[in-house]
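Provide a 3D model corresponding to the input given below.
(chains A and B)
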Amino acid sequence: MIRKTIVVENELGMHARPATLIVKAASKYRSDFRIRMEDMEINGKSIMGVMTLAAEFGSNLELIADGVDEEYLINEIAELFANKFGED
Amino acid sequence: MKKLQGVAVSDGIAIGNTRIILRPKLHIRRKSITQNQIKTEFERFESHVNNVVEEIDQLITDISQNQDNRDILSTHKMILTDPEFEASVKKLIEEELLSLEQAINKHFTAVVELFSNMENGYFAQRSSDYEDVAYRLLSKILKQGGDRFEGLEQDMILITDNITPSEVTSVFAKNIQALCTERGSKNSHSSIIARSMNLPTLVNVKDLLANIENDQKVIVDGHQGVIIVDPDRKTLAEYEPLWKQEKKDKQLLLALTDKESTTSDGHQISLMSNIELPEELDNVLKVKSNGIGLFRTEFLFMGRKELPDEEEQFAIYDKIAAKIAPEPLIIRTIDVGGDKLSEVLNLEHELNPNLGVRGIRISLKHIPIFKHQIRAILRASTRENIKIMFPMISTVREIIKVKTVINECMKELEKEDIPFDNAIQIGAMIETPSAAITSDTIAEECDFLSIGTNDLIQYTLAVDRDNMAVGDYYIPYHPSVLRLIKMTADNCQKKKISCAVCGEMASEKIFIPLLLGLGINELSVSPGRLLMVKNEIMKYDLQKIKGHTDLILQQNTCEDVYDKILKYGELDEYFE
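Numbers count the residues shown, from 1 in each chain, chains lettered A, B, ... in the order given. As a prediction, this is how the structure comes out:
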């Protein structure tokens, strides 16, 4: 299992489009993927889960991947956040 | 009294009572299941979800969807295929012994509540996605929720959240007075259709549903884009005469539907329709237009990641040609700037797309794509009522090149034993000064010409019509423009081919006698304005307006030209 902490840097927060991109990317991998924000932890392959986080600009998130391809999964997701989901 | 501002899509005034129509409620029976039924409910879940996902997949590839709708549909698909959704519904079935319908309903109700209670407004709005998906899925399973507009009656003012293009056609068929929606945008497909129906329509009215009740009196002002709820006496007194006058005028125009479009001295002027979506056809037929003078094909190519193939295009051209036959259908090949197609064609960014690779220049640069369109048009031409028109022609050479391509396509089709009209007529749009000035040579190679006044004015006067700062310079009756139109019309007459105008000038009251006087014998306008134009044509005596037009052509300044244009209405007194 690997964990990585990231910060939501796109201004609008994790609205429908970023949430969709995260779920699409994560669903390609076999590993389990969860996202933790404060005391809430959700399934990162679930659009409902990611959207209920309602993570806004500046939120701290912990990405948790567990499985054979966990490293690839977490790198791809971290990159999406780093690129601010291509929004600026 | 309350005034709500929206975006006007189609002008006109309506006064009447509201009918709010949202989605009909679904009825879900309360019923427990037994342990033995759990497996069946699981299977039903999978098959229903799969069906709806398939339906969404089809909608996503439907050409009439714009990108926004596609994005919404992809989100819906993701909601349905969410592993948590499946787990939660199955858990409710297994542990609480709920029927599939009840389990789905319970799951989505909880999710919607969760979102609605969020503090951030944006996330709170997401609940609507879940409501939409729940409705889509449940109405399929329950086989409920058919035509939501069933109770709509004549003269009502329809208030709704949003409306699909096919719903617009069906509600206007019920003779409602006006349509107002809380969402939507000015150039959505629904709005384009509403405009061609020529009924007062407002979209994107902020907080519409929160401020209106059923059976409430409202004034819809489609000129200013406002809806006035519970108008006071003074406002009502202001609007009533205008409303009555518009109604009267509309009645008078409707009476012209079956009349021939001829001038008072008996000259026939062919009056055709411009359309940009297949859904506008019903209206074209309703006003008994003399065919379609301009079918824009851009909608087929825009807002998508892959170009439409020959089959897809053929299906649409063939359908429209069949419906309009025996009247003619003039199909204009794709006319967009490179900026709009850059995504699919991988084009380089242009600093000035209006003077760049657009219209026929794109087609001639991408011959394989152009050939798909030409072959599709040719295959649909078997009823012999299709003509092809080419946009942004600036030299006769382009027409000659285009003809070679058409010939190649014809040879291919012959080899493949596919029938087509081998005498299909071809025409050029005259919308650049170079084309107008050399219209004698272009006419030599064509069966008809059609003047696109919007671009011709823009290119002749060097004025961007969307740039407010130079708005004063955009003068449709500038002597240079009139001379170019006249030159084109004269050259057509020499070659004995028809000369049409399909730009906005053709549907502006004051310019109609001017265009006829310049020698135009065919006008193509939006179907919503066709009867108004016919009414104008019937007012004038062609002989007299020709004499007056010669006088206009001798004026030096725009002001003098304009003064004389206003005198067309007084010609009878003038000559007597």
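
for residue 76, which non-adjacent residue is spatially closest?
No chain was given, so I picked chain A. Leaving aside its chain neighbours, residue A:76 sits nearest to residue A:25 (5.1 Å; criterion: Cβ to Cβ, 6 or more residues apart in numbering or on different chains). No exception for glycine: its C-beta is placed from N, CA and C like everyone else's.

please refer instead to chain B.
Per Cβ to Cβ, 6+ apart, closest to residue B:76 is residue B:133, 5.1 Å.

give me the distance between the one you found and residue B:117.
19 Å (Cβ to Cβ, to the nearest Å).

still on that earlier bit, now the phi/psi pair for the residue nearest to residue B:76, please.
Taking degrees, to the nearest 10, you get phi -70, psi -40 for the backbone angles of residue B:133.

pull the contacting residues for it.
B:76, B:79-80, B:108 (Cβ atoms under 8 Å, 6 or more residues apart in numbering or on different chains).

likewise for residue B:317?
Shown in contact with residue B:317 (Cβ under 8 Å, 6+ apart): B:329, B:331, B:376-377, B:379-380, B:386.

so the residue of the stretch 451-576 of chain B found nearest chain A, which state does it fall into?
Using Cβ to the nearest Cβ, the single residue of the stretch 451-576 of chain B nearest to chain A is residue B:466, 26.9 Å away. Assigned state for residue B:466: coil (three-state reduction, DSSP: H, G, I helix; E, B strand; the rest coil).

how many residues are close by it?
Per other Cβ atoms under 10 Å in any protein chain shown, the neighbour tally for residue B:466 reads 9.

same thing with the one 3 residues further on?
As a burial measure, residue B:469 scores 7 neighbours (other Cβ under 10 Å).

residues of stretch B:366-384 that come out buried?
Neighbour-count burial for stretch B:366-384, counted by 16 or more other Cβ atoms under 10 Å in any protein chain shown, picks out B:366, B:369-381, B:384.

hmm, back to that, output the contacts of residue B:133 as TSV; include the columns secondary structure and distance to residue B:202.
Shown next, in TSV, are the contacts of residue B:133 (DSSP: H, G, I helix; E, B strand; the rest coil; distance: Cβ to Cβ, whole Å):
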residue	secondary structure	distance to residue B:202
B:76	helix	27
B:79	helix	31
B:80	helix	33
B:108	helix	31
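
which of the residues you listed has the most neighbours?
Highest count within those by other Cβ under 10 Å belongs to residue B:79, 25 neighbours.

what does chain A have sitting close to chain B?
A:12-13, A:15-17, A:20, A:23-24, A:43, A:45-49, A:51-52, A:54, A:56 (Cβ under 8 Å from any Cβ of the partner chain).

now, those that are in helices?
If you go by DSSP state H, those have A:16-17, A:20, A:23-24, A:47-49, A:51-52 in helices.

average pLDDT across the strand or helix carrying residue B:362?
Using DSSP states H and E, residue B:362 sits within helix B:360-365. Averaging pLDDT along helix B:360-365 gives 94.

mind listing residues that contact whichever helix or strand comes after it?
Counting by DSSP H and E, the next helix or strand C-terminal to helix B:360-365 is helix B:367-379. For helix B:367-379, contacts defined as Cβ under 8 Å, 6+ apart pick out B:297, B:307-311, B:313-314, B:317-318, B:331, B:333-334, B:345, B:363-364, B:386, B:388, B:405-406, B:408-410, B:412-413, B:418-421, B:424.

got the phi and psi for residue A:63?
Per degrees, to the nearest 10, the backbone of residue A:63 is at phi -90, psi 130.

that one bridge partners, please.
As for beta bridges, residue A:63 partners with residue A:4, residue A:35 under DSSP bridges.

quick check: whatever residue of chain A ends up closest to chain B vs residue A:27, distance?
Chain B sits closest to residue A:46 of chain A, with a gap of 3.8 Å, by Cβ to the nearest Cβ. Distance, residue A:46 to residue A:27, by Cβ to Cβ: 9 Å.

the residue nearest to residue A:51 when sequence neighbours are not counted: what's it in contact with?
The spatially closest residue to residue A:51, leaving aside those adjacent along the chain, is residue A:19, at 4.9 Å (Cβ to Cβ, 6+ apart). Residues near residue A:19 by Cβ under 8 Å, 6+ apart: A:47, A:50-51.

among the residues you listed, who's most crowded?
Of these, with other Cβ under 10 Å as the count, residue A:51 tops at 31 neighbours.

quick one, what contacts that one?
A:14, A:16, A:19, B:115, B:123, B:126.

pLDDT wise, what is it at?
According to the prediction, residue A:51 has pLDDT 87.

repeat for residue B:67
Note on residue B:67: pLDDT of 63.

distance-wise, check the residue nearest to residue B:76 relative to residue B:337.
From residue B:133 across to residue B:337, the span is 37 Å (Cβ to Cβ).

now do residue B:202
For residue B:202 relative to residue B:337 (Cβ to Cβ), the value is 30 Å.

comparing these two, which residue is more hemmed in?
residue B:202 (29 against 20).

in three-state terms, label the more buried one for me.
strand.

wait, it touches residue B:184, no?
No - the criterion here is Cβ atoms under 8 Å, and residue B:202 misses it with residue B:184 at 9.1 Å.

point out where chain A drops to low pLDDT.
Residues of chain A meeting the criterion pLDDT under 70: A:88.

do that again at 80, thanks
Residues of chain A meeting the criterion pLDDT under 80: A:15-16, A:86-88.

around residue B:289, how many other residues sit close by?
With other Cβ under 10 Å as criterion, residue B:289 counts 26.

picking up where we left off before, and the two most separated of the contacts of residue A:51?
A:14 and B:115 (13.4 Å; Cβ to Cβ).

okay, those two: which has more neighbours?
residue A:14 (25 against 20).

picking up where we left off before, work out the gap between the helix holding residue B:362 and the centre of the chain.
24 Å (Cα atoms, centre = their mean, to the nearest Å).

so for that helix, what gets flagged as buried?
Buried residues in helix B:360-365 (16+ other Cβ under 10 Å): B:360-364.

same list (those residues) but as a markdown table, adding distance to chain A.
Listed next are these as a markdown table, based on distance: Cβ to the nearest Cβ, whole Å:
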| residue | distance to chain A |
| --- | --- |
| B:360 | 35 |
| B:361 | 31 |
| B:362 | 27 |
| B:363 | 32 |
| B:364 | 34 |
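
closest one of these to residue B:545?
Ranked by distance to residue B:545 (Cβ to Cβ), the buried residues of helix B:360-365 are led by residue B:360 at 33.5 Å.

quick one, what contacts that closest one?
Contacts of residue B:360 by Cβ under 8 Å, 6+ apart are B:333, B:390-393, B:398, B:402.

in strands only, show me those residues.
Residues of the contacts of residue B:360 located in strands (DSSP state E): residue B:390.

can you pick the most crowded of the contacts of residue B:360?
Top of the contacts of residue B:360 by neighbour count (other Cβ under 10 Å): residue B:393, with 27 neighbours.

that one touches residue B:432, doesn't it?
Yes - assessed by Cβ under 8 Å, residue B:393 is found in contact with residue B:432 at 7.2 Å.

all helices for the stretch 301-450 of chain B, in order.
B:310-324, B:338-345, B:360-365, B:367-379, B:396-415, B:433-437, B:439-445 (DSSP state H, counting those that start in this stretch).
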